[in-house]
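J.: What would the 3D arrangement of this be:
(chains A and B)
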Amino acid sequence: SQQGEEDPQALSIQEGENATMNCSYKTSINNLQWYRQNSGRGLVHLILIRSNEREKHSGRLRVTLDTSKKSSSLLITASRAADTASYFCATPGGGGNKLTFGTGTQLKVEL
Amino acid sequence: DAGVIQSPRHEVTEMGQEVTLRCKPISGHNSLFWYRQTMMRGLELLIYFNNNVPIDDSGMPEDRFSAKMPNASFSTLKIQPSEPRDSAVYFCASMDRGYGYTFGSGTRLTVV
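T.: Next up, the predicted model:
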């Protein structure tokens, strides 16, 4: 079963605009991760935020985590056409190192 | 490092045939994961290994699926016999403790 649900399912914006994607999850976690998947490729790890962190930055990426609401958001600032991809949140679940991935947000950045 | 290497990239086979997917994880990563991705079901974890030992195979759909990791640098996922509903992209990923996964480029399997 899916642990994370991303919202929106699809997002289309113009280059230079900001893109915000949200993720909701069901159970308590010790970290949450975001991944990007370009068409026809494997997933690429973007950022990991721990449960004791509220916000984390990496370049043009900003991730927030609200454990009380069981939600996270990924903000991509000043988007570029190269940011066009699907974005997934992932949470540890069921013990061990295994991750459960959400349903993904398809982002399209148009020139 | 060349990253996680999967082979083949594409596989087309007839129903009933045996299919073997291969994965070479990143050297030094102690966990290896097999996922399957379809439009309908998204990313599903099939099985994962820690230090070459299978830890959780609850995601393996049927006895037709089996996975092995004979050493730290190689893993296989086998489907025998294959069925059209097995058509999907199969990903292998490896992980070092405390960090995110590194995924391979995947094997696109089509069973006709």
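J.: contacts, neighbours, all on C-alpha from now
T.: Noted.
J.: what bits of the chain have low per-residue confidence?
T.: Using chain A here. Applying pLDDT under 70 to chain A picks out residues A:1-3, A:94-96.
J.: To clarify, I was referring to chain B.
T.: By pLDDT under 70, the low-scoring segments of chain B are B:1.
J.: If we use 90, what do you get?
T.: Scanning chain B for pLDDT under 90 picks out the ranges B:1-2, B:61-62, B:96-99.
J.: show me where it has strands.
T.: B:5-7, B:10-13, B:19-24, B:31-38, B:42-50, B:53-56, B:65-71, B:74-79, B:88-95, B:101-103, B:107-111 (DSSP state E).
J.: Mind putting these into JSON lines with distance to A:Ala78 and mean neighbour count?
T.: As requested, these are arranged in JSON lines below (distance: least, Cα to Cα, whole Å; neighbours: other Cα atoms under 10 Å in any protein chain shown):
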{"stretch": "strand B:5-7", "distance to A:Ala78": "33", "mean neighbour count": "20"}
{"stretch": "strand B:10-13", "distance to A:Ala78": "36", "mean neighbour count": "14"}
{"stretch": "strand B:19-24", "distance to A:Ala78": "36", "mean neighbour count": "21"}
{"stretch": "strand B:31-38", "distance to A:Ala78": "30", "mean neighbour count": "23"}
{"stretch": "strand B:42-50", "distance to A:Ala78": "29", "mean neighbour count": "22"}
{"stretch": "strand B:53-56", "distance to A:Ala78": "41", "mean neighbour count": "16"}
{"stretch": "strand B:65-71", "distance to A:Ala78": "43", "mean neighbour count": "16"}
{"stretch": "strand B:74-79", "distance to A:Ala78": "40", "mean neighbour count": "19"}
{"stretch": "strand B:88-95", "distance to A:Ala78": "30", "mean neighbour count": "25"}
{"stretch": "strand B:101-103", "distance to A:Ala78": "26", "mean neighbour count": "24"}
{"stretch": "strand B:107-111", "distance to A:Ala78": "33", "mean neighbour count": "20"}
